[in-house]
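J.: here is the input, now give the coordinates:
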Amino acid sequence: MAASPLPRQNPARFRLQLFGTIMLVVAVVTGVTLYFAERRAGEEMERNLDRSFRDSLAALHEAREVRLALLTERCRSLARSVRIRAALEESSAEDLYANADIELGGLLERGPPDPSDDQALRAKFLRFLDPRGALIARPRADPAARPEVWEARLALPGVPSRQESGYLAAKTANGTEELTEIIATAIVATDTREVIGAIVLGFRPLELTRSLPGGIGNGIWLEGRLHLPALPEPDRGPVGVALAGAIKSTGPAGGSFAVELDGGPHQLFYQQVNPGSLFPPAYEVCLYPLALSLARQSSLRWQIIGAAALLLLGGLAASHFISARLAEPVTQLAAASVELKKQQVRAETELELTNEELSARNVELQQALADLRSTQKQVIQQERLSALGQMASGIAHDFNNALVPILGFSQLMQMKPDLLANPAQSKRYLDLIQTSAQDAASVVSRLHEFSRANTGSEKFVAVDLTRIVGQAVNLTQPRWKDQAQSHGATIRVARDLATTPPVAGDESALREALTNLIFNAVDAMPDGGVITIRTRQTGESVRLEVADTGTGMTEEVRQRCLEPFFSTKGQRGTGLGLAMVFGIVQRHCGGLEIESALGKGTTFVLTLPRYHSDAAPIAEKVAAPPIAPLRVLVVDDEPAVRELLVAALEADGHTVEGVARGEDGLRRFKAAKFDLVVTDKAMPGMSGDQLAIAIKEISPPTPIILLTGFGQFLDQEKLAGVALLVSKPIDLFRLREAVATALKSV
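T.: Residues are numbered from 1 along each chain as shown. Just a heads-up that it's a prediction; the model follows:
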């Protein structure tokens, strides 16, 4: 009998392939770690740079604001003078300026500036305007120096109705351009409260500029010219031209941009200081050096690259060791296979074999088969680990999708606090944040949705598809609108929603399915297009369509697109999105059809059964009625969770005390009387269930609520002394219901 040939084993090749695979994994992990480490370091450097600039700028602004407050108050006092008001009403210019000189006293410069005196608080000159804004000439010599330089520029288009400030620039006698800060204050008649004129005072600008290499350079941009003494004259022209273009595009709101000077890169910030004033628009200009920060960032980048190189070398050594250990069973199996083949050849040449020899060789064959099966199990286990890694990437994808609206809308409300003045818009943003948080909390419970069938035991509720569509469109807007526009594409979402009855389903799961279909449509339209969402009633079912004008699919791709881990997006896709949608539709006893062709877009058609019940179709979540005030002890080692629980319970009128450790909670319970205890389960030292047992030994009637993030894996009946087990995350409605339920159990 001829022996069947055994497969030839090549342990060296297997070990080389295994070493290459492990090294590839190490390289990918090192690259990802290097990317995120460098990105985080860059973000930290930007935050430090922004913080340093804002601290420096705040000090400069503080000095300017203090001085401006002193000057404006002096101008208001002078405008309220009875003698000046009377002289202005009588149109007596001589009395007007004479009384003003008396009122000002030492606040007006007399002769050349004194370096030892604070000249920034003394007026260079004084002038008055009539009710039309025309200049009232001074009848005799001005005690201030060279007022004639400013005479031609002081007339305004009209008399100011309030106090206004600004800057004026004019050529002096020696040919240099001099900048003066002007404050114009309206003078109001006592009896009629009409504006009868204005007083105009000119001051020397406060010098805020420091040496550019060591800090901020500060100046004023006025009427096309940059007044920044710390900046050399050759650099002012190019910087002024760039600043003029930026101001033309941004207007009074101001902004910033980078400029390259001889001293290295700088960041230039500008903002109008007198918006709406009758004076020419003036912009405060600040130059901030970036050379030191860029040098630190470059040094940190090389440090990160060095650490990554060390990590890669360590991975190379580890890969060599691991591949050698993992290849050892294959080497042994190959040796056993060679030996077995030799034994089979010898068996063919022998005419008679004793029973003992046959039995011994049979044992050898069984051992070889066992070794082969062991190797097969190892390969299967590796495939399972690979599948688990792909599943984890899909879950991370869903979590990131849920976190986009949470981070985006919360940062938007932090960056623009004035949004809180609009209650309707603020409530809409908060509703979207809450909806996204609930979706994120349900991701873990739907890990196997793409392969789990509906057993009929799930209890579905009435779901309004129109409401689900609106939420999904709002939640995905940062992707299909903002992110698409940043890549030069325009995507529009059109809604064609008919009046339909509610469907039976899980609101969070249906919203997740619609979100995945919208994201799939966005990926199919890299150059932009239209996503159309339609709803129609068809008999006892409701039809939901998501159509795009994208690239479409071939027939082969259309047949396989619902398979788990099948993706045409390369490294960007996980192959779980459409499989998850298919699993959700199956659990809802619905149907999913796909209509697509290359170049003609794709349409996903979901058919869901109607909801049949005597109850109201859509029930809004109603909080449990408030109960009598209680004295509550809250124990949780997470500060944010503890603060939320304390605030929520206090909002219901309870007296709450919060502690961070189980031991501290037990001491507080022994020292005071509490009607209810709310504690976390997993805490360092004394855990929550240990605390519950200790409290029940002291006061058996006291109800205890145990909070845990592992509620779906625990059995409350096995937790001694716990009145109610509540899974995290918990919202305010469930917290109030939990308190009411725990009190009823006493």
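
J.: CA only for contacts and neighbour counts going forward, please
T.: Will do.

J.: buried ones in stretch 259-274?
T.: If you call a residue buried by 16 or more other CA atoms under 10 Å, then stretch 259-274 has these buried ones: 259, 265-274.

J.: keeping just the C-alphas, turn the helix or strand encompassing Val632 into CSV.
T.: Element membership of Val632 [criterion: DSSP states H and E] is strand 631-635. Extracted in CSV, the C-alpha atoms of strand 631-635 (Å, rounded to 0.1, in the frame of the first residue of the first chain):
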residue,chain,number,x,y,z
ARG,A,631,-30.3,64.0,54.2
VAL,A,632,-28.2,62.1,51.7
LEU,A,633,-24.6,60.8,51.9
VAL,A,634,-22.8,60.5,48.5
VAL,A,635,-19.6,58.4,48.2
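
J.: what average pLDDT does that strand get?
T.: Mean per-residue pLDDT for strand 631-635: 94.

J.: right, and the helix or strand after it?
T.: Next element after strand 631-635 (DSSP H and E): helix 639-651.

J.: how big is the angle separating the helix or strand following that following helix from helix 639-651?
T.: Downstream of helix 639-651, the next assigned helix or strand under DSSP H and E is strand 655-659. For strand 655-659 against helix 639-651, the angle by axes from the mean of the first three to the mean of the last three CA atoms, to 10 degrees is 170 degrees.

J.: helices of the stretch 151-300 of the chain, start to end?
T.: 233-250, 291-349 (DSSP state H, counting those that start in this stretch).

J.: please, where are all the helices along the stretch 551-700 of the chain?
T.: Under DSSP H, counting those that start in this stretch, the stretch 551-700 of the chain gives helices at 555-560, 577-587, 639-651, 662-671, 688-698.

J.: mean pLDDT, mean neighbour count and distance to Gly217 for the ones you listed - can I get that in CSV?
T.: Shown next, in CSV, are those (pLDDT from 0 to 100; neighbours: other CA atoms under 10 Å; distance: least, CA to CA, whole Å):
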stretch, mean pLDDT, mean neighbour count, distance to Gly217
helix 555-560, 87, 12, 61
helix 577-587, 86, 23, 53
helix 639-651, 85, 16, 42
helix 662-671, 93, 17, 54
helix 688-698, 89, 19, 58
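
J.: among those, which comes closest to Glu164?
T.: For the helices of the stretch 551-700 of the chain, proximity to Glu164 was assessed by CA to CA; helix 639-651 is nearest, at 46.0 Å.

J.: the closest one packs against which elements?
T.: Using 3 or more CA pairs under 8 Å, 6 or more residues apart in numbering; DSSP states H and E, the elements in contact with helix 639-651 are strand 631-635, strand 655-659.

J.: could you dump these to a markdown table with mean neighbour count?
T.: Formatted as a markdown table, the helices and strands packed on helix 639-651 follow (neighbours: other CA atoms under 10 Å):
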| stretch | mean neighbour count |
| --- | --- |
| strand 631-635 | 23 |
| strand 655-659 | 19 |
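
J.: these: which one's closest to Val739?
T.: Closest among the helices and strands packed on helix 639-651, using CA to CA: strand 631-635, at 10.1 Å.

J.: which strands and helices sit next to the closest one?
T.: Other elements packing on strand 631-635 under the criterion 3+ CA pairs under 8 Å, 6+ apart are helix 639-651, strand 655-659, helix 662-671, strand 676-680.

J.: go with 6 Å
T.: Applying 3 or more CA pairs under 6 Å, 6 or more residues apart in numbering; DSSP states H and E, we find strand 631-635 packed against strand 655-659, strand 676-680.

J.: Thr515 is nearest to which of these?
T.: Checking the helices and strands packed on strand 631-635 against Thr515 by CA to CA gives strand 676-680 as the closest, at 33.4 Å.

J.: chain center to that closest one: distance?
T.: With CA atoms, centre = their mean, to the nearest Å as the basis, strand 676-680 stands 32 Å off its chain's centre.

J.: elements contacting it?
T.: For strand 676-680, the packing partners by 3+ CA pairs under 6 Å, 6+ apart are strand 631-635, strand 704-708.

J.: any idea how far the strand or helix carrying Gly20 is from the chain center?
T.: Gly20 belongs to helix 11-79 when assigned by DSSP H and E. Averaging C-alpha positions (CA atoms, centre = their mean) puts helix 11-79 14 Å from its chain's average.

J.: so what secondary structure elements neighbour that helix?
T.: If contacts are counted by 3+ CA pairs under 6 Å, 6+ apart, helix 11-79 sits against helix 291-349.

J.: just the mean pLDDT for the helix it packs on, thanks.
T.: For helix 291-349, the per-residue pLDDT averages 72.

J.: those strands in the stretch 51-200 of the chain, which residues are they?
T.: According to DSSP state E, counting those that start in this stretch, the stretch 51-200 of the chain carries its strands in the segments 123-129, 135-136, 164-171, 177-188, 195-203.

J.: and of the ones you listed, who's closest to Asp652?
T.: Smallest distance to Asp652 across those (CA to CA): 50.0 Å, for strand 164-171.

J.: just the CA trace of the closest one, in CSV.
T.: C-alpha atoms of strand 164-171 as CSV (Å, rounded to 0.1, in the frame of the first residue of the first chain):
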residue,chain,number,x,y,z
GLU,A,164,-15.4,109.0,22.4
SER,A,165,-11.7,108.4,22.0
GLY,A,166,-9.3,107.9,19.1
TYR,A,167,-5.9,108.8,17.7
LEU,A,168,-4.7,111.5,15.3
ALA,A,169,-1.4,111.8,13.5
ALA,A,170,0.2,115.0,12.1
LYS,A,171,3.5,116.3,11.0
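
J.: that one relative to helix 11-79, how many degrees between them?
T.: Put simply, strand 164-171 runs at 90 degrees to helix 11-79, going by the same axes, to 10 degrees.

J.: name the surrounding residues that touch strand 164-171.
T.: For strand 164-171, the external contacting residues (CA atoms under 6 Å, 6 or more residues apart in numbering) are 177-184, 279.

J.: make JSON lines from the helices and strands packed on strand 631-635 and add distance to Ser299 and mean pLDDT to it.
T.: Output for the helices and strands packed on strand 631-635, formatted as JSON lines (distance: least, CA to CA, whole Å; pLDDT from 0 to 100):
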{"stretch": "strand 655-659", "distance to Ser299": "44", "mean pLDDT": "94"}
{"stretch": "strand 676-680", "distance to Ser299": "44", "mean pLDDT": "92"}
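
J.: how about the helices of the stretch 151-300 of the chain in JSON lines, adding mean neighbour count?
T.: Shown next, in JSON lines, are the helices of the stretch 151-300 of the chain (neighbours: other CA under 10 Å):
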{"stretch": "helix 233-250", "mean neighbour count": "14"}
{"stretch": "helix 291-349", "mean neighbour count": "15"}
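
J.: out of the ones you listed, which gets nearest to Met553?
T.: helix 291-349 (40.4 Å).

J.: lowest-confidence helix or strand of this protein?
T.: Counting by mean pLDDT, DSSP states H and E, the chain has its least confident helix or strand at helix 148-151, which shows a mean of 61.
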